[in-house]
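> Below are the sequence and a predicted model; questions follow.
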Amino acid sequence: MGVALRTVTEDDWELFRDLRLRMLADTPIAFMETLEQARAHDEAEWRFRARRTTLPGSSAVVAVDEASGRWVGTMSTFTDPERGVFLVSVFVDASQRGAGTADRLLTAVLERVRAEGAHAVTLHVHEDNARARAFYERRGFRDTGVRVPYALDPARSEVEMRLALDAPG
């Protein structure tokens, strides 16, 4: 068995929540909230978060281990009306790192945003997240030179990276 990719629905809220909590425990510098903050959310908040991935201009793809049904990775996008498409909430479980899951997720996300007419994808990655930065660079994202204060510690920065969608990705 392998890993299957699929989109998220509101009915997936519990799986969505469980993956988000694992994401925050695994890589606390990569996301815009703490594990404690996420644990405090109620069902309505988790349903909203899952549902918003289905709204126009947004999407979420998850990698599901076919043998266990466990969610082992995710990538999401949203469209800012002024700045375009952003890649967010990127995570691959340690059990899947190096197995091609991140590449499959990113390929699926890029295919979707290209089909919707986007010309570029932007992301922000914590300056200390070398593993993620290397992955994005390998896939053609380039540092724009923009630095954004990291929300959980404004003394630290996030690096803005961008991929032009006419470039190989």
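Yes, it's here. Numbering: from 1, shown residues only.
> biggest strand in this structure by residues?
Criterion DSSP state E: the longest strand present in the chain is strand 153-164.
> what sits against the closest residue to R22 other than its chain neighbours?
What sits nearest to R22 in space, not counting adjacent residues and going by C-beta to C-beta, 6 or more residues apart in numbering, is D93, at 7.0 Å. C-beta here means a position set from N, CA and C on the backbone, and glycine is covered the same way. Contact analysis of D93 by C-beta atoms under 8 Å, 6 or more residues apart in numbering lists R22, D26, V72, G73.
> Quick check: the gap between W13 and V113.
24 Å (C-beta to C-beta, to the nearest Å).
> So which of the two has more stuff around it?
In this view W13 and V113 are compared by other C-beta atoms under 10 Å, and V113 has more residues nearby, 22 against 19.
> The more buried one against V121, yeah?
Yes: the pair V113 / V121 is scored as a contact, 6.1 Å apart, by C-beta atoms under 8 Å.
> Quickly list what's touching both of those two.
Residues touching both V113 and V121 (C-beta under 8 Å, 6+ apart) are T77, V85, L165.
> Show the backbone phi and psi for the last one.
As for L165, its main-chain torsions (degrees, to the nearest 10) stand at phi -80, psi 0.
> got it, and the second one?
For V85, the backbone dihedrals are phi -80, psi 130 (criterion: degrees, to the nearest 10).
> tell me the contacts of it?
Shown in contact with V85 (C-beta under 8 Å, 6+ apart): T77, F78, T79, V113, A118, A120, V121, T122.
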